[in-house]
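Participant: Fold the following for me, if possible:
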Amino acid sequence: MEEVGVVYFDFDRFNVKPSEAKKLDDMAGKLKGESKEVLVVGFADKRGSSRYNFNLSMWRAQMVASYLAKKGVDIGRIRVASYGKEVAELIGPEHAQQRVVRVYLIK
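Facilitator: Numbers count the residues shown, from 1 in each chain. As a prediction, the model looks like this:
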């Protein structure tokens, strides 16, 4: 598995920030030429309930997957996963680091 990039989100938001869109454009350019599957994984910081943060993580991952598909990445190759606040501390010590979507090439 190879990490392609990361996209950060504002607190309690799942929209792609303009400052992060360039990263996604670059990722899409790389991923369009690949035949491997793409794994898009959403995370949330540890504030809020487990259920809400799991859903927020999924919305973030789905937003990134949709963005990549609109930029030409084959939607049939994109897989989406979500982890809530339970793994937040493994991502980083700061809340801003924990509000992230990581994109990987797999297989």
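
Participant: Now do the phi/psi pair for residue 103.
Facilitator: phi -120, psi 130 (degrees, to the nearest 10).

Participant: Any idea how many residues pack against the closest residue to it other than its chain neighbours?
Facilitator: The shortest distance from residue 103 to any non-neighbouring residue, by Cβ to Cβ, 6 or more residues apart in numbering, is to residue 4 (4.5 Å). All C-beta atoms are positioned from the backbone trio N, CA, C, and that covers glycine. The number of residues packed near residue 4 is 19, by other Cβ atoms under 10 Å.

Participant: Do I have it right that residue 4 meets residue 29?
Facilitator: No: look at residue 4 against residue 29 with Cβ atoms under 8 Å: they stay out of range, at 10.5 Å.

Participant: intersection of neighbour lists for the two?
Facilitator: Common contact partners of residue 4 and residue 29 (Cβ atoms under 8 Å, 6 or more residues apart in numbering): none.

Participant: Check what pLDDT residue 93 gets.
Facilitator: Looking at residue 93, its pLDDT reads 89.

Participant: Quick one: neighbours of it, just the number.
Facilitator: By other Cβ under 10 Å, neighbour count at residue 93 equals 8.

Participant: Could you do residue 101 as well?
Facilitator: By the measure other Cβ under 10 Å, the count of residues near residue 101 is 27.

Participant: just residue 8 next, same as before
Facilitator: 16.

Participant: One more: residue 22?
Facilitator: Counted with other Cβ under 10 Å, residues neighbouring residue 22 total 9.
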